[in-house]
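Q: Sequence unavailable; structure follows:
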């Protein structure tokens with residue numbers, strides 16, 4: 001039995017590497033996704049251009065501007081003299097926001113009165129607008145806190161013994177500390193998901209097209225008259241692409257660590273074990289697609305029809321808790337959801353089986369069900 005399976009595996013590798021389309025699928029998607037999600041897709045807001053409108057022109061307003069210019073998130077790229085000029089800059093996309101310091105800002109700051117700074121945002125990109133608004137608000141509040149502390153220290157010092165050190169202002173303060181992704185880099189958020197995308201896309205497409213190719217070129221009938229049993233043929237077809245999937249995991253993980261410096265805090269053995277469980281679902285899906293397709297073009301289109309919705313509902317790009325309730329429940333039927341949680345848990349959190357076992361159990365359940373269903377249909381199709 002294993003001799004026949006080994007011969008099918010060797011035949012499959014030779015046939016796959018000889019076909020230009022198969023070679024393109026092996027090399028193209030990993031490189032393309034690494035470039036896109038490693039370099040191009042970046043949700044970090046750094047060096048955003050601002051328009052600065054200073055209607056107060058005092059030392060306090062200039063200090064506030066210096067606080068913005070000292071931040072790595074902003075740079076003042078224009079100083080419009082009117083609201084119309086500021087609107088024109090935002091309309092043409094030259095700046096992402098306009099900060100307007102109203103008249104009387106310096107006077108109110110000196111007196112300790114309430115003063116406000118107006119921030120006009122380009123809301124066409126809601127994500128960027130929300131991040132820019134948050135950063136700008138933090139700078140304004142930080143400047144206000146420093147001024148308040150200076151005023152309180154000055155009052156205390158004036159009443160204290162000459163030469164005494166100024167006391168700290170009383171009150172409450174909050175200190176934020178981010179775990180697992182301290183710099184909040186979107187690259188560290190996206191790159192682990194590339195492992196999932198590549199395994200899913202490559203293994204589903206290669207498995208489905210490999211079996212359909214036998215039908216197209218007329219060699220399926222020749223295989224059926226040989227002593228090879230259906231289970232042997234099925235194993236011989238999917239095991240090569242299981243090896244390809246694990247190879248892609250190694251390549252992408254190495255690139256994530258060496259090129260993008262993505263943290264890897266978990267166990268490599270646990271990553272391989274979870275990848276094998278995930279391969280059960282993708283290989284089974286590819287096998288099922290092959291039983292409902294008659295041409296390689298149909299198999300490729302069906303693979304994309306499966307992959308795109310599954311990827312969108314995996315939590316790779318969009319947080320699952322933010323989805324509508326009906327769609328949220330639908331994600332529980334998506335194997336990519338569980339592998340996405342496993343990847344980010346292993347890469348960023350360093351957690352193990354003691355925490356990830358529910359996701360691993362779900363992958364094992366889905367994989368076994370899909371493999372059995374696909375094998376039954378594959379056997380029926382051969383008969």
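A: Structure's in. What do you need? Please read all numbers here as calculations on a predicted model, not as lab measurements.

Q: going forward, measure contacts between C-alpha atoms and count neighbours the same way
A: Fine.

Q: Can you pull out the low-pLDDT segments for the stretch 201-350 of the chain?
A: 218, 220-227 (pLDDT under 70).

Q: change it to 80
A: 210-211, 213-234, 236-237, 317, 322 (pLDDT under 80).

Q: For it, just list every one of the helices.
A: Secondary structure of the stretch 201-350 of the chain by DSSP state H, counting those that start in this stretch: the helices cover 220-224, 230-258, 268-292, 296-312, 325-330, 335-344.

Q: Could you list the domains of this protein?
A: 2-41+185-382, 48-159 (automatic domain parsing).

Q: Of the ones you listed, flag the one that's most buried.
A: domain 2-41+185-382 (a mean of 18; mean count of other CA atoms under 10 Å).

Q: quick one: that domain to chain centroid distance?
A: 18 Å (CA atoms, centre = their mean, to the nearest Å).

Q: closest one to residue 179 among the domains of the chain?
A: domain 2-41+185-382 (8.4 Å; CA to CA).

Q: before we move on, back to that, residue 84 is nearest to which of the helices of the stretch 201-350 of the chain?
A: Per CA to CA, nearest to residue 84 of the helices of the stretch 201-350 of the chain: helix 296-312, 40.4 Å.

Q: on contacts alone, who are the packing partners of that closest one?
A: helix 186-217, helix 268-292 (3 or more CA pairs under 8 Å, 6 or more residues apart in numbering; DSSP states H and E).

Q: Make TSV from those helices and add distance to residue 58 to it.
A: TSV is the format used below for the helices and strands packed on helix 296-312 (distance: least, CA to CA, whole Å):
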stretch	distance to residue 58
helix 186-217	38
helix 268-292	58
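
Q: returning to that earlier point: save the helices of the stretch 201-350 of the chain as CSV, and put in distance to residue 108 too.
A: Shown next, in CSV, are those (distance: least, CA to CA, whole Å):
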stretch, distance to residue 108
helix 220-224, 84
helix 230-258, 51
helix 268-292, 58
helix 296-312, 50
helix 325-330, 48
helix 335-344, 48
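
Q: who wins for proximity to residue 28 among those helices?
A: Among the helices of the stretch 201-350 of the chain, helix 230-258 sits nearest to residue 28 (CA to CA), with 11.6 Å.

Q: how many degrees apart are that closest one and helix 186-217 in direction?
A: 150 degrees (axes from the mean of the first three to the mean of the last three CA atoms, to 10 degrees).

Q: other SSEs contacting helix 230-258?
A: helix 2-18, helix 20-35, helix 186-217, helix 268-292, helix 353-382.

Q: okay, those in a markdown table with distance to residue 341 next?
A: A markdown table is the format used below for those (distance: least, CA to CA, whole Å):
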| stretch | distance to residue 341 |
| --- | --- |
| helix 2-18 | 32 |
| helix 20-35 | 19 |
| helix 186-217 | 9 |
| helix 268-292 | 11 |
| helix 353-382 | 8 |
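
Q: quick one on the thing from earlier: out of the helices of the stretch 201-350 of the chain, which gets nearest to residue 350?
A: helix 335-344 (8.6 Å).

Q: Just the angle for the closest one relative to helix 186-217, thanks.
A: 140 degrees.

Q: by how many degrees do helix 335-344 and helix 296-312 diverge?
A: 60 degrees.

Q: what residues does helix 335-344 touch?
A: 189, 192-193, 196, 271, 274-275, 278, 281, 310-311, 313-316, 331, 356, 359-360, 362-363, 366 (CA atoms under 8 Å, 6 or more residues apart in numbering).

Q: Could you do stretch 238-249 as well?
A: So stretch 238-249 is contacted by 9, 12-13, 30, 195, 198-199, 202-203, 206-207, 272, 275-276, 279, 283, 287 (CA under 8 Å, 6+ apart).

Q: Could I get the full set of strands for the stretch 51-200 of the chain?
A: With DSSP state E, counting those that start in this stretch as the criterion, the stretch 51-200 of the chain has strands at 74-78, 97-101, 117-121.
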